[in-house]
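Visitor: Quick check, what structure comes out for this input:
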Amino acid sequence: MLRLNGVARAHIKGRERIRVLQGLDLEVQRGEMVSIMGPSGSGKSTLLDVIAGVIPSNEGVVELAGHRMDGKSESLRTQIRAAHIGFVFQFYCLIPALTAEENVMLPLHLWKLSRKERALRADAALEVVGMTHRRRHLPGELSGGEQQRISIARAIAGNPDVLLCDEPTGDLNKETGLEVMAIIEQLSHHYRKAVVVVTHDPNVAALADRHLRLQNGVLVDDRPNLR
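Guide: As a prediction, this is how the structure comes out:
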């Protein structure tokens, strides 16, 4: 479902070329959840951006649901991303003036759907995360955990193949974070999404099927120390 082979990415800082990802390999199958840990500045966010085609790789193969992202124009990468990827962010990124339902419907405007079809998809996504009873509420009327559930509903409303989660529990307490991770785990194992979770929390990482660490620009197997 998701395959990276020999992926490299460098940033230019002044006259210096800083290599962030160096010959990196990654495969994530449908129905698999993979966690990625690493210190700040190790390139985790860059990796997610390369997977999603937000920024292009400098070298290597990036394949998403059978589509090559490398070598594609920004326009084509955007089309592939919209059709196949859902994002879950640490700080929810909800529009304050829109209701929960309207926030979930927002990315569906990129599709050629009627308002009724968008509403049906949004309601189905809200049901998956247990938030149909809060559909008319504004983000400011919701708790942090509820807002993250809405964020997840927005991410899955288009039925993506791959879910990219960037510190999804970073702004939540432990109990609420585990509830959110239970939803993400269900999306992977029951709804068969390929899920990549970037996290600093070893307890969150331990919930994944496979644990990796980004180190010196490459991914290595890692089993979090929970002590």
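Visitor: For the helix ranked longest in the chain, give me every contacting residue.
Guide: What stands out as the longest helix in the chain, according to DSSP state H, is helix 174-189. Residues outside helix 174-189 that contact it (Cβ atoms under 8 Å, 6 or more residues apart in numbering): 31-33, 88, 128-130, 143-145, 148-149, 152, 156, 163, 165, 168-169, 172, 193-195, 197, 201, 203-204, 207, 209. Using the backbone N, CA and C atoms, a C-beta is placed for each residue, glycine as well.
Visitor: Could you identify the buried members of those?
Guide: Neighbour-count burial within the contacts of helix 174-189 applies to 31-33, 88, 128-129, 145, 148-149, 152, 156, 163, 165, 168-169, 172, 193-195, 197, 201, 204, 207; the criterion is 16 or more other Cβ atoms under 10 Å.
Visitor: Select from those residues every entry located in helices.
Guide: 128, 145, 148-149, 152, 156, 204.
Visitor: out of those residues, which one sits closest to residue 61?
Guide: Nearest to residue 61 among those is residue 156, at 26.5 Å by Cβ to Cβ.
Visitor: Can you give the distance of stretch 85-101 from its chain's centre?
Guide: 12 Å (Cα atoms, centre = their mean, to the nearest Å).
Visitor: any idea of the pLDDT on residue 223?
Guide: The model reports residue 223 with a pLDDT of 64.
Visitor: what does the one 4 residues further on give?
Guide: On pLDDT, residue 227 comes in at 38.
Visitor: Is residue 51 located within a helix, as I assumed?
Guide: Yes - remark: residue 51 belongs to a helix, assigned using DSSP: H, G, I helix; E, B strand; the rest coil.
Visitor: From residue 65, how far off is it?
Guide: According to Cβ to Cβ, to the nearest Å, residue 51 stands 12 Å off from residue 65.
Visitor: Sketch out the low-pLDDT regions of this protein for me.
Guide: Low-confidence segments of the chain (pLDDT under 70): 223-227.
Visitor: Identify the bridge partners of the residue nearest the centre of it.
Guide: Nearest to the geometric centre of the chain sits residue 164, at 1.5 Å (Cα atoms, centre = their mean). Residue 164 has these beta-bridge partners by DSSP bridges: residue 87, residue 196.
Visitor: quick one on the thing from earlier: in the longest helix of the chain, what's buried?
Guide: Quick answer for helix 174-189 (16+ other Cβ under 10 Å): 176-177, 180-181, 183-185, 187-188.
Visitor: Also stretch 5-21?
Guide: 7-10, 20-21.
Visitor: and which of those is nearest residue 124?
Guide: Out of these, the member with the shortest distance to residue 124 (by Cβ to Cβ) is residue 7, at 34.1 Å.
Visitor: so how far is residue 97 from the closest one?
Guide: Distance from residue 7 to residue 97, by Cβ to Cβ: 38 Å.
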